[in-house]
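# Predicted model, plus sequence, below.
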Amino acid sequence: MNLSTMGLNSDPQHNNKIKKLIRIRSVVNLTGLSKSYVYQLVSSGHFPKSIKLVPGGTSVAWNESEVLEWIDSRIKARDEGVE
């Protein structure tokens, strides 16, 4: 089975990085933030937006790489003295 038979983009120009969606529990574990504070940061535009897993549904997840990039940005801001 290859990417195209799985319905995934097999275009070589497409980012070959594996995409992984993570649920709120994993976001909380990765960031050390509380669940409610994650949602507060999302609402204020200071954290990556969640992705609806099913149209019309209530389940959401986050792109793991976006969350990791957010963590890296916090470390960079600390190191540069911009907080």
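Noted; the coordinates are in hand.
# what's the spacing between the residue sitting nearest the centre point of the chain and residue 81?
By Cα atoms, centre = their mean, the chain has its centre lying nearest to residue 63, at 2.7 Å. According to Cβ to Cβ, to the nearest Å, residue 63 and residue 81 sit 28 Å apart. C-beta here means a position set from N, CA and C on the backbone, and glycine is covered the same way.
# next one: residue 49
For residue 49 relative to residue 81 (Cβ to Cβ), the value is 28 Å.
# can you check residue 50 too?
30 Å.
# Same drill for those two, tell me which one is more crowded.
Each of residue 50 and residue 81 has its neighbours counted (other Cβ atoms under 10 Å); residue 50 has more, 19 against 6.
# How much space separates that one from residue 38?
Counting by Cβ to Cβ - residue 50 and residue 38 are separated by 9 Å.
# Please spell out which residues along the lengthiest helix in the chain are buried.
In terms of residue count, the longest helix belonging to the chain (DSSP state H) is helix 64-80. Residues 64, 66-67, 70 are the ones in helix 64-80 that count as buried (16 or more other Cβ atoms under 10 Å).
# Next secondary structure after the helix or strand where residue 28 lies?
If you go by DSSP states H and E, residue 28 is part of helix 24-31. Using DSSP H and E, the helix or strand that follows helix 24-31 in sequence is helix 35-43.
# Give me the packing partners of that next one, helices and strands only.
In terms of contacts (3 or more Cβ pairs under 8 Å, 6 or more residues apart in numbering; DSSP states H and E), helix 35-43 is packed against helix 24-31.
# Show residues contacting the helix it packs on.
The contact list for helix 24-31, computed with Cβ atoms under 8 Å, 6 or more residues apart in numbering, reads 22, 33-35, 38, 60, 62, 64, 67-68, 70-71.
# cool, stretch 69-78 as well?
With Cβ under 8 Å, 6+ apart as the test, stretch 69-78 has contacts from 30-31, 47-48, 83.
# Can I get that stretch in PDB, CA atoms only?
Provided in PDB are the C-alpha atoms of stretch 69-78 (Å, rounded to 0.1, in the frame of the first residue of the first chain):
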ATOM      1  CA  GLU A  69       6.800  24.800  17.500                       C
ATOM      2  CA  TRP A  70       4.800  26.800  20.100                       C
ATOM      3  CA  ILE A  71       6.900  25.300  22.800                       C
ATOM      4  CA  ASP A  72      10.100  26.100  20.900                       C
ATOM      5  CA  SER A  73       8.900  29.700  20.500                       C
ATOM      6  CA  ARG A  74       8.400  30.000  24.200                       C
ATOM      7  CA  ILE A  75      12.000  28.800  24.800                       C
ATOM      8  CA  LYS A  76      13.300  31.200  22.100                       C
ATOM      9  CA  ALA A  77      11.400  34.100  23.700                       C
ATOM     10  CA  ARG A  78      12.900  33.200  27.100                       C
END
